[in-house]
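Q: Sharing a model prediction with you, sequence too.
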Amino acid sequence: MNASLTTTHASKDVTRLPPWLKKRLIISRSTGRVARAVEKYRLKTVCREASCPNTMECFAAGTATFIVLGDTCTRNCGFCGVKKGLPRDIVDTGDINVVRGIEDNEPQRLAGAVQSLGLRHVVVTSVTRDDLPDGGSVHFSKVVHALKGCKDLGIEVLVPDFGGVLENVRRVVEAGPDVFAHNVETVPRLYPRVRPEARYKRTLHVLEFAGKTCKNASRDMRIKSGLMLGLGETRQEVLEVLRDLVRVGCQMITIGQYLRPSRDQLPVERFVTPEEFKEYAEAARALGFSEVLSGPFVRSSYRLV
């Protein structure tokens, strides 16, 4: 392991992007095609809601990560640019039944968009809905079942922790996605600042329970998580998180650079170099991960399969 991983702290509020974090804008026919489908089927994407730096790249490749359960998150994570608050109880749209921010025909609209775009793999995530008794797990289940009607489609769900209620986790697993993802996001020491309403051990427990539930049902489903760097973590803390994830049965990992969506979110403390990301990838594989993506622009919704 290169000694460059031994130091991760630097001055706070780094704003000038290093050369490796500068991208050319990619625009193609697929860019407009995905954007039109998102508009036609009245869907939301993480690409836009969370100000993802890979939006044009993914749209140009004809892919997108869809977000369900509305656009308002009930948690106040320090890194996230998604709108925060409580969704309105009932919205009168005229043609769609919307209760507590959930559109009842969203699963069918999403399946329609996937079919029209001819996608072979789809990632579906959501805001966290602590205001719902089931945490949104019933809706997730409906989405997975609707997508199963699409031919030759790989289905990946990136879910919240459902407040640690394992029955909600079980409901999503039993719907039968190909990949079950839940992000650890950062090291446990930084949780009070980065994920104040989440719990590190709860995150691990959700991943472990999902994997065991799948095995007990003799289903082929992979477990995935994601980690951001650049928030003040140390090398040793990152390696400990990777060990914990392998221990609970996580097989797939994404490791990327945290980029501040706006001045309302936490500042970047350090830009991690591409060489360091390569070394973390090597460490992750050595620890037992079967699939690893590690790099400055890697995001948790990147396709590993």
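A: Perfect, thanks for sending it. Numbering: from 1, shown residues only.

Q: Please give the element, helix or strand, for Gln236.
A: helix 235-247 (DSSP states H and E).

Q: Could you give the secondary structure assignment for Thr254?
A: strand (DSSP: H, G, I helix; E, B strand; the rest coil).

Q: Let me fix that, I meant to ask about Arg129.
A: coil.

Q: which one is it nearest to, not counting chain neighbours?
A: Spatial nearest neighbour of Arg129, chain neighbours left out: Gly136 (4.2 Å); criterion: CB to CB, 6 or more residues apart in numbering. In this view, the C-beta of every residue, glycine as well, is placed from N, C-alpha and C.

Q: Val34 versus that neighbour, what's the distance?
A: Distance, Gly136 to Val34, using CB to CB, to the nearest Å: 24 Å.

Q: what about these two, which has more around it?
A: Gly136 (27 against 24; other CB atoms under 10 Å).

Q: Just the strands from the stretch 51-200 of the chain, written as ranges.
A: With strands called from DSSP state E, counting those that start in this stretch, the stretch 51-200 of the chain shows them at 65-68, 72-73, 83-84, 90-92, 97-99, 102-103, 121-126, 154-158, 179-181.

Q: Could you dump these into a markdown table and include mean neighbour count, distance to Lys22 and mean pLDDT?
A: A markdown table is the format used below for these (neighbours: other CB atoms under 10 Å; distance: least, CB to CB, whole Å; pLDDT from 0 to 100):
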| stretch | mean neighbour count | distance to Lys22 | mean pLDDT |
| --- | --- | --- | --- |
| strand 65-68 | 24 | 23 | 90 |
| strand 72-73 | 21 | 29 | 90 |
| strand 83-84 | 14 | 28 | 86 |
| strand 90-92 | 11 | 41 | 51 |
| strand 97-99 | 14 | 41 | 65 |
| strand 102-103 | 19 | 38 | 87 |
| strand 121-126 | 23 | 26 | 92 |
| strand 154-158 | 22 | 27 | 94 |
| strand 179-181 | 24 | 28 | 96 |
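
Q: With respect to Ala113, which of the ones you listed lies nearest?
A: strand 65-68 (7.7 Å; CB to CB).

Q: That closest one pairs with which strands, and in what direction?
A: Looking at strand 65-68 with DSSP bridges, its paired strands and their directions are strand 44-45 (antiparallel), strand 121-126 (parallel).
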